[in-house]
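**Student:** can you look at this prediction? I've put the sequence above it.
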Amino acid sequence: MPTREEMIATIDRAFAARAAGDIEVMNAIWAEGATYAMEGAEALMTRYPTGPGDAPAAIERLADLLDAADVERVDTIVEGNRAAVLWRARFSNGRDAPRTLQLFSRWEFDDAGRVARMHEYADTATLAAMIAE
């Protein structure tokens, strides 16, 4: 099982990769068969698969829809192989003014230190409006 420090380092690498738009680095954190879900008002998210589903595909789709910048991990709690992370980032759809959102993510790691499951909780109404065509 990964240590607390290893899990936080993986999370920080994932956030840095997300801000850089580096999907290859993001994909390297996932365990085989990893799942991702965006929790909230799922019915509003018609252009984005809220899951749970294939984690790499979901994150790649989200990166196609929104750029992320100024990604900051605000607080982290680690217990066993799970981490709870409060974070914020400035998101842009390329058309409107960027919006800063705060999100909560729950990460679950496998014994090899890769992410097996991730659930994110966000202001899905704002995200849906940002990704609307």
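**Tutor:** The structure has been received and is ready for your questions.
**Student:** for the rest of this, base every contact and every neighbour count on C-alpha atoms.
**Tutor:** Will do.
**Student:** low pLDDT regions in the protein?
**Tutor:** 41-49, 133 (pLDDT under 70).
**Student:** swap the cut-off to 50 and go again
**Tutor:** Of all residues in the chain, none has pLDDT under 50.
**Student:** please identify the buried residues of the longest strand seen in the chain?
**Tutor:** Taking DSSP state E as the criterion, the chain has its longest strand at strand 67-79. Residues of strand 67-79 classed as buried: Asp67, Ala68, Ala69, Val71, Glu72, Arg73, Val78 (neighbour count, 16 or more other C-alpha atoms under 10 Å).
**Student:** so Glu32 touches Ala116, yeah?
**Tutor:** Yes: under the criterion of C-alpha atoms under 8 Å, Glu32 makes contact with Ala116 at 7.5 Å.
**Student:** specify which residue of these two has the higher count of neighbours.
**Tutor:** Ala116 (20 against 13; other C-alpha atoms under 10 Å).
**Student:** of the buried residues of strand 67-79, closest to Ala128?
**Tutor:** For the buried residues of strand 67-79, the residue nearest Ala128 by C-alpha to C-alpha is Asp67; the value is 14.1 Å.
**Student:** surely the closest one and Arg95 touch.
**Tutor:** No: Asp67 is beyond contact range of Arg95, at 11.2 Å (criterion: C-alpha under 8 Å).
**Student:** give the other helices and strands that the lengthiest helix in the chain contacts.
**Tutor:** If you go by DSSP state H, the chain has its longest helix at helix 4-20. Applying 3 or more C-alpha pairs under 8 Å, 6 or more residues apart in numbering; DSSP states H and E, one finds that helix 4-20 makes contact with helix 23-28, strand 67-79.
**Student:** dump the buried residues of strand 67-79 into TSV; add distance to Glu6 as well.
**Tutor:** Shown next, in TSV, are the buried residues of strand 67-79 (distance: C-alpha to C-alpha, whole Å):
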residue	distance to Glu6
Asp67	26
Ala68	23
Ala69	23
Val71	19
Glu72	18
Arg73	15
Val78	11
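**Student:** tell me how far stretch 72-80 lies from the chain's centre.
**Tutor:** Put simply, stretch 72-80 sits 14 Å off its chain's centre (C-alpha atoms, centre = their mean, to the nearest Å).
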